[in-house]
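*Asks:* Predicted model and sequence below, questions to follow.
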There are 2 protein chains.
Amino acid sequence: MAETRKKKSFQAALMGLREKILTGELVKGDHLSEVLLAEDLGISRTPLREAMRELIDQGLLERLPNGRYQVCSLTREDVRDFIALRGLLEGSVFRLAAEKGISPGQHRACTETLAALDCVLGASPSDIVFERYMDLNETLHAQLAEICDSPVMLSELARINSRPMAGPSAFLGGQAVSHETLNSLHVAQDQHKSILEAICNREGARAEALAREHARLAHRNLDFFLAAGQSAVTNIPGLSLVERQPEQETTKPKKS
Amino acid sequence: MAETRKKKSFQAALMGLREKILTGELVKGDHLSEVLLAEDLGISRTPLREAMRELIDQGLLERLPNGRYQVCSLTREDVRDFIALRGLLEGSVFRLAAEKGISPGQHRACTETLAALDCVLGASPSDIVFERYMDLNETLHAQLAEICDSPVMLSELARINSRPMAGPSAFLGGQAVSHETLNSLHVAQDQHKSILEAICNREGARAEALAREHARLAHRNLDFFLAAGQSAVTNIPGLSLVERQPEQETTKPKKS
DNA sequence: AGCGCCGCAATTGTATACAAACCTGTGCTG
DNA sequence: CAGCACAGGTTTGTATACAATTGCGGCGCT
């Protein structure tokens, strides 16, 4: 953990609040008080404010004109836009990578990660270790992105990836081994290979188009887990932030 | 001024620091102390920290792993990447606008702004009011962007536009009426018209490509003002943040 | 009864005091 | 003479007290 900075109260606030928000303990619309949260977390308001500011940057909180804070409420279109935005940035980054050229070491590293992903996917459907797949997937995306060698692009991409459900492995924690989902994993892996091929061949436009389409795979997963209902909320971090307008009103149990 | 929030100390800190940084009063590498700045601005450390955090978001400050702050140092490539990134985002936004379709009211507003720009450009070269051109240019970009009707895209575009020299009117304050610069203004205006036309015709790919090329015009201006030397620093906000690597190393005095 | 104004309570913004961490300079030791 | 260790000071991190502003509820007026 490179982010284990010394400011421990700030870290505690950040982790604690993140947890409370992602688990849905804090409801969407309600505006939350600094003093209550501070004493709940056992810290002072000062580091708490710092943490809240950080969470605003991460898109989990938003600030009302009054100065009050409230948990971010995302529409389905917002999440789709963030996913598309990742595709856009990754596309640009891959195009830059293709134009710049890949080094032998980078090519070897990507090939290894691809092989490891193949290995994970090769197992029988029930034996797939989704956690390992997530790790490898993120590694691959990072390896491909680093080829472009542009700090600006990489940092902005990282920013978008930190958005609630925009990252490349956002929906892999769901572990829903439906036939459809499984198939999309194989499609994604094929796209991975095509992207690497395009970068190696200096086919920038192809790499860019592939990246956009690759990100769009996540749209299906978003729709799937939004339709799956409350059970998915615990598995997909940030899903609780999405307001579900198309739900028919079926004896909605009013919470406390 | 929608941003005239009540927190006046915070605002004072923000404005004051921004001023100090953009005018080059604060040198690039030097790390700045909270307490010194606070008493210099006549406020406390608490709002100052908030302001510094904001300036980090705006890309004017950066934070060292020690927790110290320092004025951001950008390379020429960084600025070029930010400009390209604006082109990328604007391109995506315009493509979305073309796919969604423009309303009559939006079309009328854009046409009016275009006509006003034509009017400003129609004056004799020495009579061009650059300040008015800047306003109109930003208005047009905003009007075109709003067509896409995606809060996510708009806010991310606004974020990039707030980066030091990435905004669409970043270099128009230079008022360098060289033959070359003047010509680029006419080219830019022609691109504006083409973009609007593409959006009206639902030509998404064309609008996207035009936006990317439109942003690239700023690359020339960047090179021009970087070559212009110190005199341009006072006119182009943020130019002082760019490290000029072609400087020969002249007895670099090691700081204390 | 409805509308508007005033005052209180709650909440955020600011200031300052204190604690901890870091860098630095100096002196000791191998 | 070099390297390390310790101590002091400087700087950021945290806590708490105070100020200002906002929202709200009651009260009076129309």
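*Replies:* Here it is on my side, so go on.
*Asks:* can we go C-alpha only for contacts and neighbour counts from here?
*Replies:* Noted.
*Asks:* Any idea how far apart the tips of stretch A:116-129 sit?
*Replies:* Stretch A:116-129 has an end-to-end distance of 12 Å (C-alpha to C-alpha, to the nearest Å).
*Asks:* In it, which residues are buried?
*Replies:* A:A116, A:L117, A:V120, A:L121, A:I128 (16 or more other C-alpha atoms under 10 Å in any protein chain shown).
*Asks:* repeat for stretch A:227-246
*Replies:* Applying 16+ other C-alpha under 10 Å to stretch A:227-246 flags A:A232, A:V233, A:N235, A:I236, A:P237, A:G238, A:L239, A:S240, A:L241, A:V242 as buried.
*Asks:* how near is the fourth one to A:T181?
*Replies:* Here A:I236 is placed at a distance of 15 Å from A:T181 (C-alpha to C-alpha).
*Asks:* Can I get stretch A:232-246 as PDB, trimmed to CA atoms?
*Replies:* Provided in PDB are the C-alpha atoms of stretch A:232-246 (Å, rounded to 0.1, in the frame of the first residue of the first chain):
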ATOM      1  CA  ALA A 232     -26.000  -7.300  -6.000                       C
ATOM      2  CA  VAL A 233     -25.500  -4.100  -3.900                       C
ATOM      3  CA  THR A 234     -23.300  -5.900  -1.400                       C
ATOM      4  CA  ASN A 235     -21.100  -7.300  -4.200                       C
ATOM      5  CA  ILE A 236     -20.700  -4.300  -6.500                       C
ATOM      6  CA  PRO A 237     -19.100  -1.300  -4.700                       C
ATOM      7  CA  GLY A 238     -21.000   1.900  -5.500                       C
ATOM      8  CA  LEU A 239     -24.100   0.200  -6.900                       C
ATOM      9  CA  SER A 240     -26.100   1.600  -4.000                       C
ATOM     10  CA  LEU A 241     -25.400   5.100  -5.300                       C
ATOM     11  CA  VAL A 242     -27.500   4.600  -8.400                       C
ATOM     12  CA  GLU A 243     -31.000   5.700  -8.200                       C
ATOM     13  CA  ARG A 244     -33.300   3.200  -9.700                       C
ATOM     14  CA  GLN A 245     -36.100   4.900 -11.400                       C
ATOM     15  CA  PRO A 246     -37.500   2.000 -13.500                       C
END
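*Asks:* got the phi/psi numbers for whichever residue of the stretch 51-200 of chain A sits closest to DNA strand D?
*Replies:* Closest residue of the stretch 51-200 of chain A to DNA strand D, C-alpha to the nearest atom of the strand: A:N66 (4.8 Å). Reported as degrees, to the nearest 10, the phi and psi values for A:N66 are phi -70, psi -20.
*Asks:* And the pLDDT for it?
*Replies:* With respect to pLDDT, A:N66 scores 89.
*Asks:* try A:S231
*Replies:* 79.
*Asks:* How much space separates it from DNA strand C?
*Replies:* Computed as C-alpha to the nearest atom of the strand, to the nearest Å, the A:S231 to DNA strand C distance reads 31 Å.
*Asks:* Over to A:C119?
*Replies:* Counting by C-alpha to the nearest atom of the strand - A:C119 and DNA strand C are separated by 42 Å.
*Asks:* so who does the residue lying closest to A:L88 once chain neighbours are set aside touch?
*Replies:* What sits nearest to A:L88 in space, not counting adjacent residues and going by C-alpha to C-alpha, 6 or more residues apart in numbering or on different chains, is A:R212, at 5.9 Å. When contacts are counted by C-alpha atoms under 8 Å, 6 or more residues apart in numbering or on different chains, A:R212 is found next to A:A84, A:G87, A:L88, A:E90, A:G91.
*Asks:* Now name the helix or strand holding A:R212.
*Replies:* helix A:204-228 (DSSP states H and E).
*Asks:* what element comes up after that helix heading to the C-terminus?
*Replies:* Counting by DSSP H and E, what follows helix A:204-228 is helix A:230-233.
*Asks:* so where's chain A shaky on pLDDT?
*Replies:* For chain A, applying pLDDT under 70 flags the ranges A:1-6, A:175-177, A:245-256.
*Asks:* who in it is up against DNA strand D?
*Replies:* Applying C-alpha under 7 Å from any atom of the strand, we find that chain A lies next to DNA strand D at A:K7, A:K8, A:S9, A:F10, A:Q11, A:G42, A:I43, A:S44, A:R45, A:T46, A:P47, A:N66.
*Asks:* So which of the residues you listed are in helices?
*Replies:* A:K8, A:S9, A:F10, A:Q11, A:R45, A:T46, A:P47 (DSSP state H).
*Asks:* Could I get the contacting residues of whichever residue of the stretch 101-250 of chain A sits closest to chain B?
*Replies:* Using C-alpha to the nearest C-alpha, the closest approach of the stretch 101-250 of chain A to chain B is made by A:V152 at 6.1 Å. Contact analysis of A:V152 by C-alpha under 8 Å, 6+ apart lists B:D78, B:D81, B:F82.
*Asks:* Spell out which parts of the stretch 51-200 of chain A neighbour chain B.
*Replies:* Residues of the stretch 51-200 of chain A found near chain B (C-alpha under 8 Å from any C-alpha of the partner chain) are A:D78, A:D81, A:F82, A:L85, A:L88, A:S92, A:S150, A:P151, A:V152, A:M153.
*Asks:* neighbours around the fifth one, how many?
*Replies:* Applying other C-alpha atoms under 10 Å in any protein chain shown, we find 22 other residues in the vicinity of A:L88.
*Asks:* ok so, going back, closest to A:K193 out of the buried residues of stretch A:116-129?
*Replies:* A:L117 (10.7 Å; C-alpha to C-alpha).
*Asks:* Tell me which residues touch the closest one, please.
*Replies:* A:Y133, A:L136, A:N137, A:Q189.
*Asks:* can you check A:S124 too?
*Replies:* Applying C-alpha under 8 Å, 6+ apart, no residues contact A:S124.
*Asks:* Help me confirm that A:V120 comes into contact with A:M134.
*Replies:* No: at 10.5 Å, A:V120 does not count as touching A:M134 under the criterion of C-alpha atoms under 8 Å.
*Asks:* related to what we said a few turns ago, among the contacts of A:L117, which are located in helices?
*Replies:* Per DSSP H, the contacts of A:L117 map to helices at A:Y133, A:L136, A:N137, A:Q189.
*Asks:* Going through these, which ones are buried?
*Replies:* A:Y133, A:L136, A:N137, A:Q189.
*Asks:* Identify the residues contacting the last one.
*Replies:* Contact partners of A:Q189, counting by C-alpha under 8 Å, 6+ apart, are A:L114, A:L117, A:D118.
*Asks:* Swap in 10 Å and give it another go.
*Replies:* A:L114, A:L117, A:D118, A:L121, A:N137, A:I195, A:H214 (C-alpha atoms under 10 Å, 6 or more residues apart in numbering or on different chains).
*Asks:* thinking again about what came up before, Throw the ones in helices among the contacts of A:L117 into a markdown table and include distance to A:E54, thanks.
*Replies:* Shown next, in a markdown table, are the ones in helices among the contacts of A:L117 (distance: C-alpha to C-alpha, whole Å):
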| residue | distance to A:E54 |
| --- | --- |
| A:Y133 | 29 |
| A:L136 | 27 |
| A:N137 | 26 |
| A:Q189 | 34 |
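*Asks:* Okay then, goodbye and thanks.
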